[in-house]
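In: one predicted model, sequence on top.
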Amino acid sequence: MSTSPDDLILCQCIFSIPQDRDLEIPFGELDNGENLSRYALAMSYDHDQLTPFATKGDRHYYELLVTDTQPEKLSSLDENLEKVVEFDRKSLINAGIPGLAFPYLTLTEYSPLVPDLLDAWQDDQGSEYVIINQRDNWQSLSHFLSNNNITNHQVFHHLKTMAKLWKDLQKLKCAQTLLEEDNLGIGDSGDLEIKKLYFDDLDNLPHIRQLVEQWIFILEENNQTDAATPIKGLMEKIEEGKIDEIKELSEALNLIHQQAQLDDLLDENEEEFLIPPDKELEELADQFDFDEAEDDQEATVINNGENIDEQPTVVLPMTLLSLAECGMTDIGMKRSHNEDCFAVETKINKRETPQGIFCTGKGFFLVCDGMGGHAGGEVASALAVKTLYQYFQEHWQDELPEEEIIKEGILEANRVIYDANIDKGNLGAGRMGTTVVMTLVQDNQVAIAHVGDSRIYRVTRKWGLEQLTTDHSVAQAEMKNGIEPEIAFARPDAYQLTQALGPRKREFVHPEVSFLEVKEDTLFLMCSDGLSDNELLENNWQSVLLPLLSSKANLQEGSAHLLELANQINGHDNITCILARIKVQPNLEQKNPLL
């Protein structure tokens, strides 16, 4: 077989052999572009210099740099996976897939944090081989920390990533992976990446104490003393027995991270936080003194500045001041086509009175994430958008539709896609389908609905980021039945959808609908999972979403920034987002306020 340098893909080969066997270096070197096997050594290796990077039980583990000379062909892993009926270690081994591949397959959702498994096999003499992707433009975590000016909240973001991964690595007996300093680095995206998995010593399993010790060592070694201080506080809690599990450590670390984000945000936006950002609030302040509303209060409380015990309290409901929106979609970094579809439509009426400018408005916002492959997923999502748009043109007049009317619209979209599947003869897993998230706005009243794992978030200055929908997935269904999150999300099918539009009849589809009243300036975000994966929004909302509450913020620029960030951090899927900013004011036209 003849190959050119452009055909070669650089990879890592991890292989293990029984300790009672002599080391034989697999593969041969690529000679003049000729090689009889698929994989060839990328460099010369000397038996005396090649030492195991780890030993577990009766096996030695080695690594080699190899080239894939036939990347266009299916791997033996792909062929053997087709034989697997149930995803467990025994079924994989019976299908010819070595146990060495099991943790890589289980951690697929963590890509690119965990290397992608490209191939795996075992030979007749008991050796096991896996081929994983080679890290490009990768720098060690220590080098990154010592040579870049990064904020504390960026440091804590990487530590949170480790804490999240530790939970799953412990179950797979691979927690040692995060205790090897040279195994941790930062990739092209600026996020944490590991080179390979290390197996634990079963007689001396790692403890979270060692993980925190590792953090302190790396931070102090690289002059990150400000970040090291709160981490030392976590170590003290571990020594006192107040933190003994990874869940407790993650919660404590999350509080540290949130405080660091807030500190950085205040430093960057000090003037904006000290001065009221909206002109309309300043104008109202000239007329009234505002008391901050209680958490459970239904409206803004206004008094005339005199003794509040002697004056009646006037409670005014809120009314719409402005409604702005923007929707964008992107194909992502790895997909060949875009299966997402969205729709945005707003209608605004403004009028002026002696009391000020008042608005009434309607907003229709819809995101659908299709599934079913080329000419499948994009068809399903487009059908859902078209059907729902036409349905609400007929069933939505001057007030928000009732819950049953909203559900019926979603079920009608399900019928249209289901009938298209039947007409095309699509069967079982081959049926196209789509998720749906929808927001209907009528003045300051809002209805939200969803099916699947696309999401709706809400951002306010008072409450921060809130996820308003719960994914229709296997893991979430398990948690509703009382299963602990750690167990639910450890399932191989944890992220598999339990509901979608199109694959099944209406009796299997159960849309969730809820109604909200906007009582303060609010930013709604509807998105496909290409944006929400890997806790992108939870980790970045203060810097990318909170500023968009200001009237001066450009939602189009904000949307473009979100897509760019999603391509950097995720990028594995299509990305779609809709932003809707609703600003409200006290309804000064109310004739009979409550006293």
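Out: Arrived safely, thanks for sending.

In: could you pull out the helices in the stretch 451-595 of the chain for me?
Out: 474-480, 485-488, 529-532, 536-544, 555-569 (DSSP state H, counting those that start in this stretch).

In: can you pull out the helices in the stretch 101-250 of the chain?
Out: Using DSSP H, counting those that start in this stretch, the helices of the stretch 101-250 of the chain run over 102-106, 141-147, 152-171, 208-221, 225-239, 246-268.

In: between those helices, which one is closest to residue 550.
Out: helix 246-268 (13.1 Å; C-beta to C-beta). C-betas here are computed from N, CA, C, even on glycine.

In: tell me where the model's unsure across the stretch 451-595 of the chain.
Out: Along the stretch 451-595 of the chain, the model assigns pLDDT under 70 to residues 588-595.

In: if we can go back for a sec, turn the helices of the stretch 101-250 of the chain into TSV, including mean pLDDT and distance to residue 483.
Out: Output for the helices of the stretch 101-250 of the chain, formatted as TSV (pLDDT from 0 to 100; distance: least, C-beta to C-beta, whole Å):
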stretch	mean pLDDT	distance to residue 483
helix 102-106	88	18
helix 141-147	90	34
helix 152-171	88	15
helix 208-221	92	23
helix 225-239	90	27
helix 246-268	73	15
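
In: let's have those in a markdown table, adding mean neighbour count.
Out: What follows is these, written out as a markdown table (neighbours: other C-beta atoms under 10 Å):
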| stretch | mean neighbour count |
| --- | --- |
| helix 102-106 | 21 |
| helix 141-147 | 16 |
| helix 152-171 | 21 |
| helix 208-221 | 18 |
| helix 225-239 | 16 |
| helix 246-268 | 16 |
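
In: what would these look like in TSV with distance to residue 76?
Out: Shown next, in TSV, are the helices of the stretch 101-250 of the chain (distance: least, C-beta to C-beta, whole Å):
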stretch	distance to residue 76
helix 102-106	14
helix 141-147	33
helix 152-171	26
helix 208-221	35
helix 225-239	44
helix 246-268	35
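
In: re earlier: any idea which of the helices of the stretch 451-595 of the chain is most buried?
Out: Mean neighbour count (mean count of other C-beta atoms under 10 Å) peaks for helix 529-532 among the helices of the stretch 451-595 of the chain, with a mean of 26.

In: mind listing residues that contact it?
Out: Helix 529-532 is touched from outside by 332, 340, 369, 453-455, 457, 537, 562-563, 566, 570, 572-577, with contacts defined as C-beta atoms under 8 Å, 6 or more residues apart in numbering.

In: what sits closest to the residue minimising distance to the centre of the chain if chain neighbours are left out?
Out: With distances taken as C-alpha atoms, centre = their mean, residue 533 lies nearest the centre of the chain, 1.7 Å away. Spatially, and ignoring its direct neighbours in sequence, residue 533 is nearest to residue 570 (4.9 Å; C-beta to C-beta, 6 or more residues apart in numbering).

In: and the one you found, how far is that from residue 108?
Out: 14 Å (C-beta to C-beta, to the nearest Å).

In: just to revisit the earlier point, ok, the residue nearest to the centre of the chain - contacts?
Out: 570, 572, 573.

In: gap between it and residue 539?
Out: Using C-beta to C-beta, we find residue 533 at a distance of 11 Å from residue 539.

In: cool, residue 128 as well?
Out: 36 Å.

In: name the element residue 10 belongs to?
Out: strand 9-18 (DSSP states H and E).

In: over to stretch 492-509 now: how far is its first residue from its last?
Out: Terminal residues of stretch 492-509 are spaced 23 Å apart (C-alpha to C-alpha, to the nearest Å).

In: that stretch: which residues count as buried?
Out: 494, 495, 497, 498, 499, 500, 501, 502, 503, 509 (16 or more other C-beta atoms under 10 Å).

In: ok, which pair from those is furthest apart?
Out: So, these by C-beta to C-beta: farthest apart are 494 and 502, at 22.2 Å.

In: beta-bridge partners for the closest residue to residue 98 other than its chain neighbours, please?
Out: Take residue 98 and drop its neighbours on the chain: the residue closest to it by C-beta to C-beta, 6+ apart is residue 128, 3.6 Å away. For residue 128, the beta-bridge partners under DSSP bridges are residue 16, residue 122.
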